[in-house]
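A.B. asks: Okay, sequence plus prediction incoming.
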Amino acid sequence: MPFNETLHKQLKLVSVLTALFGGLLLVGCDRQKQSPPPPPVPEVATVTVLPQQIVLTTELPGRTSAYRISEIRPQVNGLIQKRLFTEGSDVQAGQVLYEIDPAPFQASLDNAKAAMGKAEANLPSIRLRVERYRELLPDKAVSQQELDDAAAAEKQTQAEIEFWKAMVETARINFGYTRVTAPISGRIGRSSVTEGAIVMAYQPMALTTIQQLDPIYVDVPQSTAELLRLKRRMEDGRLMPDETNQKNANLILEAGRAYPLEGTLQFRDVTVDPTTGSVILRLVFPNPKGLLLPGMFVRAVVKDGLSEQAILIPQQAVSRDPKGNPIALILDAGGKVQQRLLRLDRAIGDQWLVTSGLAAGDQVIVEGLQKVRAGASAKAIPFDAPPSPRPDAKTN
């Protein structure tokens, strides 16, 4: 066989072997690509559901009003001689505020006393006459008619004395009304009259107004829907009355600052306002420094009751399904992710109060929600929440 032909066959064999080996290498690489190693199980941060006791509260807008209000009006006609108070100052009950010219009333009092004295002076002589006529009547020295006239005169004089006694008392009362006094203690407003003004008894316009500001009222409206919801919860046993602190209330001022003193719920009105569908809650707060003034807008935090087995979870653990229903993912005992449909009550700080959908011991996924889905496997690690004081539960 010629040399060239032999070399050509050898080269052809080498090419075939090279192609075959390359194909085997490609098949091996394809098999490696088709069988990758299994991915690691994702880690998710969870919290364990632990029922706890919390006090549920409702935050309601309200307005302050004076504890007592007294509009000062004169009780007699006359001329204002003096104003004896400083506008905007604190006054005490019984303090003299105005002086009305007392001269006409002093004269009326003196006149009534004089008339009463005259009637009292006539009574002894008339009484002696009646006694003498009774002694002379058996001897026929006087007639029965004369005795009857004398007895009638005695009774008439006694009646005149009683009449003038009443007139004296009336004149004394009117004379006392010339000094207009404060019926209550409190802060007095501006005066509507000055010295020299003529005033009338029980006139429509008040001379000034006194308001008692310590304590002070806070009136807040509560919707009947919320009221019925609270009653239904108590009937169902989900909410228990807090006998110790049920009537305690707190206050948040307009600037968002908490009022330092605690108040009490005085009463809940029984009449529903037809325009707002709400009833009025009246709270009483101490106000020793006068920080609260009538007409201020505030927010009152009223205690609804006590929840013995409340379930709280971080708000970031709750998401929404396409229909807008709140849902949460939990990790079961087998390490599988499950989806739960929740019913939320209210926000408490950075947590949700859950009324249904979770049970004690459930591990709720808080972080790593984007790594897992329902039915997948996951590994639980503790959730490190930033420390924060637990607030009372509030209705948004």
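C.D. replies: Structure's in. What do you need? Everything numeric here is computed off the predicted structure, so don't read it as measured data. Numbering: from 1, shown residues only.
A.B. asks: who's in contact with the closest residue in space to Val76 that isn't next to it in sequence?
C.D. replies: In this structure, Val76 finds its nearest non-sequential neighbour in Tyr177, 4.5 Å apart by C-beta to C-beta, 6 or more residues apart in numbering. (C-beta placed from N, C-alpha, C; glycine too.) Tyr177 makes contacts with Pro74, Gln75, Val76, Ile100, Phe105, as judged by C-beta atoms under 8 Å, 6 or more residues apart in numbering.
A.B. asks: For the second one, grab the count of nearby residues.
C.D. replies: Other residues near Gln75 number 14, with proximity taken as other C-beta atoms under 10 Å.
A.B. asks: next one: the fourth one
C.D. replies: For Ile100, the neighbour count with other C-beta under 10 Å is 24.
A.B. asks: Helices of the stretch 101-250 of the chain, start to end?
C.D. replies: 103-136, 144-176, 224-236 (DSSP state H, counting those that start in this stretch).
A.B. asks: just the CA coordinates of the last one, formatted as CSV?
C.D. replies: As requested, the backbone C-alpha atoms of helix 224-236 are provided in CSV (Å, rounded to 0.1, in the frame of the first residue of the first chain):
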residue,chain,number,x,y,z
THR,A,224,-73.7,54.7,68.3
ALA,A,225,-72.1,52.1,66.0
GLU,A,226,-69.0,52.0,68.1
LEU,A,227,-71.1,51.9,71.3
LEU,A,228,-73.1,48.9,70.0
ARG,A,229,-69.9,47.2,68.9
LEU,A,230,-68.4,47.5,72.4
LYS,A,231,-71.6,46.1,74.0
ARG,A,232,-71.6,43.2,71.6
ARG,A,233,-68.0,42.3,72.4
MET,A,234,-68.8,42.4,76.1
GLU,A,235,-71.8,40.1,75.6
ASP,A,236,-69.7,37.7,73.5
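A.B. asks: Pull out the buried residues from it.
C.D. replies: By neighbour count on 16 or more other C-beta atoms under 10 Å, the buried set for helix 224-236 is Leu227, Leu230, Arg233.
A.B. asks: Who are the packing partners of the helix or strand encompassing Thr58?
C.D. replies: Assigned by DSSP states H and E, Thr58 belongs to strand 52-72. Packing partners of strand 52-72 (3 or more C-beta pairs under 8 Å, 6 or more residues apart in numbering; DSSP states H and E): strand 186-188, strand 208-223, strand 278-285, strand 297-314, strand 393-395.
A.B. asks: wait, isn't Gln158 in contact with Pro124?
C.D. replies: No - judged on C-beta atoms under 8 Å, Gln158 makes no contact with Pro124 at a distance of 11.6 Å.
A.B. asks: got any ranges where the protein has weak pLDDT?
C.D. replies: Applying pLDDT under 70 to the chain picks out residues 1-36, 235-246, 385-396.
A.B. asks: Span of stretch 132-141 from start to end?
C.D. replies: 10 Å (C-alpha to C-alpha, to the nearest Å).
A.B. asks: Check stretch 255-268 too.
C.D. replies: 27 Å.
A.B. asks: So which bits of it are buried?
C.D. replies: Buried, per 16+ other C-beta under 10 Å, within stretch 255-268: Tyr259, Gly263, Leu265.
A.B. asks: Rebuild those residues as TSV, extending it with secondary structure and distance to Gln315.
C.D. replies: Below are the buried residues of stretch 255-268 laid out as TSV (DSSP: H, G, I helix; E, B strand; the rest coil; distance: C-beta to C-beta, whole Å):
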residue	secondary structure	distance to Gln315
Tyr259	coil	27
Gly263	strand	30
Leu265	strand	30
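A.B. asks: Kindly indicate which of those residues lies nearest Pro183.
C.D. replies: The nearest member of the buried residues of stretch 255-268 to Pro183, counting by C-beta to C-beta, is Gly263 at 25.5 Å.
A.B. asks: Look up which residues are beta-bridged to the spatially most central residue of the chain.
C.D. replies: Residue closest to the mean C-alpha point of the chain, counted by C-alpha atoms, centre = their mean, is Ala300 at 3.7 Å. Beta-bridge partners for Ala300, by DSSP bridges, are Leu60, Leu251.
A.B. asks: and it, how far is that from Leu56?
C.D. replies: As judged by C-beta to C-beta, to the nearest Å, Ala300 and Leu56 stand 15 Å apart.
A.B. asks: Repeat that for Gly324.
C.D. replies: Distance of Gly324 to Leu56, given as C-beta to C-beta: 25 Å.
A.B. asks: go on, Arg132?
C.D. replies: 91 Å.
A.B. asks: Look at the two and report which has more neighbours.
C.D. replies: Leu56 (24 against 13).
A.B. asks: Please verify my assumption that the more buried one contacts Val301.
C.D. replies: No - the criterion here is C-beta under 8 Å, and Leu56 misses it with Val301 at 10.8 Å.
A.B. asks: any chance of the helices and strands packed on strand 52-72 in JSON lines, plus distance to Phe383?
C.D. replies: Below are these laid out as JSON lines (distance: least, C-beta to C-beta, whole Å):
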{"stretch": "strand 186-188", "distance to Phe383": "54"}
{"stretch": "strand 208-223", "distance to Phe383": "36"}
{"stretch": "strand 278-285", "distance to Phe383": "39"}
{"stretch": "strand 297-314", "distance to Phe383": "8"}
{"stretch": "strand 393-395", "distance to Phe383": "21"}
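A.B. asks: The ones you listed: which one's closest to Gly368?
C.D. replies: Closest of the helices and strands packed on strand 52-72 to Gly368 is strand 297-314, at 13.1 Å (criterion: C-beta to C-beta).
A.B. asks: which residues touch the closest residue to Gln92 other than its chain neighbours?
C.D. replies: Of all residues beyond its chain neighbours, the one nearest Gln92 is Ser185 (5.0 Å), with distances taken as C-beta to C-beta, 6+ apart. For Ser185, the contact set (C-beta under 8 Å, 6+ apart) comprises Asp90, Val91, Gln92, Ala93, Ile210, Gln212.
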